[in-house]
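Novice: What follows is a predicted protein model with its sequence.
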Amino acid sequence: MFGLNRNHCARRVFLSVVTCTIFLIVLSNHLNSNALPKNLPTVSTMEKIQLERRNLLKQKCTELKLESMTNPLPARFKIEDRHQVMYCDVPKAATTNLKGLMLVLSGKFDIADLLSIPRLTVHEQNEMRKLAVVEPAAIFNNGVGNYTKFIFVRHPFERLVSAYESKFGSTIPDDRYQRRIGTKIIRKYRQEPTEISLEKGDDVTFVEFVNYVIDEWKSNRKWMDVHWLPAIELCQPCSIEYDFIGKVETLEQDVSFLLQKLNETDLIPSFQEKQKAPNTTQSVWRQTMKQLSQQQMEDLISIYAADFQIFGYPLDNPLQNV
């Protein structure tokens, strides 16, 4: 009799636990779906966008015969093992936001701290596992072949202007680029520079900067600075198959979809609230580019031609509208 009662009680407890578990799962899914911003595209729409981006990349890589191109630098991945993701960062394409997000995903920081993570922790002193890929086979040889590989890109000219503003602008907090490269630019491209300009390098014009970028590319792009080196040179997208291609122009919806795929939908509202705004907009870069000569524009279009085509950016010339 007591054995039957015990069995009956055990069944009731088991059924109660199962019922509570199902209820909590349903409630969690309901809360997560409610937490998603209402303006996000549907999952099917985002899947279609991603498929179109990956297909365009493959098509253009084949048309331009870029699959076997020799890259001067290895692809630089940050690896986050908890969610099995690896991110190839393209400087000046929301890297502060995205590297910070990777640190949040790793559990080292809370999403509420995204904007307050120290700059050195995000960039120079980032402790995340790194992998430099020279050959695609290295991804499998290092045990991350099944990891989700993602990249974020940006309109090449907007990225170039952003690099200029952040490294040589008048309000930057870090003058290392001005003293190390700015002085070199002024010495080479400016007629009759002042002693103070040669000493500080803090008044580089955009035209001088572009001359430097063009000459750097033509002489030896292997040593071209990563902040303006084309994305195709940085992340080898024609030889490494990326699972996810994001764009700065659609940063919120792309990151939101990536977080959905990683089952981290609760981070979406906070990321949208805490992300660092870009320092360069379309109107800013188009106006800045109008300072250039036609020859400079043609050289820049040549340098970034592959980035324009494989990532689906319109190859427009701002000087044509002057």
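Specialist: Yes, it's here. All values reported here derive from a predicted model rather than from experimental measurement.

Novice: Give me the number of neighbouring residues for the closest residue to Phe311 other than its chain neighbours.
Specialist: With CB to CB, 6 or more residues apart in numbering as the criterion, Phe311 has its nearest non-adjacent residue at 4.9 Å, and that residue is Val153. The way it works is simple: take the backbone N, C-alpha and C, and place the C-beta from them, glycine included. Residues near Val153, counting by other CB atoms under 10 Å, number 26.

Novice: Is Val153 in contact with Val248, as I believe?
Specialist: Yes: the pair Val153 / Val248 is scored as a contact, 7.3 Å apart, by CB atoms under 8 Å.

Novice: Read off the pLDDT value for Arg11.
Specialist: Per-residue confidence (pLDDT) for Arg11: 59.

Novice: Report the separation between the nearest residue to Lys130 once chain neighbours are set aside and Met102.
Specialist: Spatial nearest neighbour of Lys130, chain neighbours left out: Lys78 (6.3 Å); criterion: CB to CB, 6+ apart. Look at Lys78 and Met102: by CB to CB, to the nearest Å, they are 6 Å apart.

Novice: what ranges do the strands span in the stretch 101-250 of the chain?
Specialist: Here the stretch 101-250 of the chain has its strands, by DSSP state E, counting those that start in this stretch, at 129-133, 148-153, 244-247.

Novice: Nearest to His83 among those would be which one?
Specialist: Set against His83 and scored by CB to CB, those come closest in strand 148-153, at 7.7 Å.

Novice: neighbours of Phe206, just the number please.
Specialist: 17.

Novice: wait, Tyr164
Specialist: Based on other CB under 10 Å, the number of other residues close to Tyr164 is 24.

Novice: for Leu40, same thing?
Specialist: Neighbour count for Leu40, taken as other CB under 10 Å: 16.

Novice: if we can go back for a sec, report the strands that pair with the helix or strand hosting the residue nearest to Lys130, each with its relative direction.
Specialist: Taking DSSP states H and E as the definition, Lys78 sits inside strand 75-80. If you go by DSSP bridges, strand 75-80 pairs up with strand 85-88 (antiparallel), strand 129-133 (antiparallel).

Novice: What average pLDDT does the longest one get?
Specialist: The reference is to strand 129-133. What strand 129-133 shows for mean pLDDT is 90.

Novice: Can I get it as CSV, trimmed to CA atoms?
Specialist: Extracted in CSV, the C-alpha atoms of strand 129-133 (Å, rounded to 0.1, in the frame of the first residue of the first chain):
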residue,chain,number,x,y,z
ARG,A,129,41.7,33.6,-28.5
LYS,A,130,43.1,34.6,-31.9
LEU,A,131,43.8,32.8,-35.1
ALA,A,132,45.8,34.1,-38.0
VAL,A,133,44.7,32.2,-41.1
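
Novice: gap between that strand and the chain center?
Specialist: Mean C-alpha position of strand 129-133 versus that of the full chain (CA atoms, centre = their mean, to the nearest Å) differs by 16 Å.

Novice: Which positions in that strand come out as buried?
Specialist: 131, 133 (16 or more other CB atoms under 10 Å).

Novice: How about residues contacting that strand?
Specialist: With contact meaning CB atoms under 8 Å, 6 or more residues apart in numbering, strand 129-133 is reached by 74-81, 86, 138-139, 142, 144, 236, 240.

Novice: quick one, it and strand 148-153 angle?
Specialist: Strand 129-133 and strand 148-153 are oriented at 80 degrees to each other (axes from the mean of the first three to the mean of the last three CA atoms, to 10 degrees).

Novice: isn't there a strand covering Met69?
Specialist: No: under DSSP: H, G, I helix; E, B strand; the rest coil, Met69 sits outside any strand and is assigned coil.

Novice: Verify the stated contact: it with Pro237.
Specialist: No: in this structure Met69 lies outside contact range of Pro237 using CB under 8 Å: 10.7 Å.

Novice: Those two: which is more packed in?
Specialist: Pro237 (27 against 14).

Novice: any weak-confidence spans in the chain?
Specialist: Applying pLDDT under 70 to the chain flags residues 1-38, 70-72, 170-173, 276-280, 321-322.

Novice: rewinding a little: output the strands paired with strand 75-80 as CSV; include the columns distance to Leu258.
Specialist: Below are those laid out as CSV (distance: least, CB to CB, whole Å):
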stretch, distance to Leu258
strand 85-88, 8
strand 129-133, 19
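
Novice: Between the two ends of stretch 181-196, how far is it?
Specialist: Counting by CA to CA, to the nearest Å, you get 15 Å between the two ends of stretch 181-196.

Novice: quick one: buried residues of that stretch?
Specialist: Buried positions in stretch 181-196, judged by neighbour count with 16+ other CB under 10 Å: 181-183, 185-186, 189-190, 193.

Novice: Over to stretch 139-159?
Specialist: Within stretch 139-159, the residues scored as buried using 16+ other CB under 10 Å are 139, 144, 147-159.

Novice: Now do the contacts for Glu264.
Specialist: Here Glu264 is in contact with 83, 105 (criterion: CB under 8 Å, 6+ apart).

Novice: any idea how far it is from Ile245?
Specialist: Per CB to CB, Glu264 is found 19 Å from Ile245.
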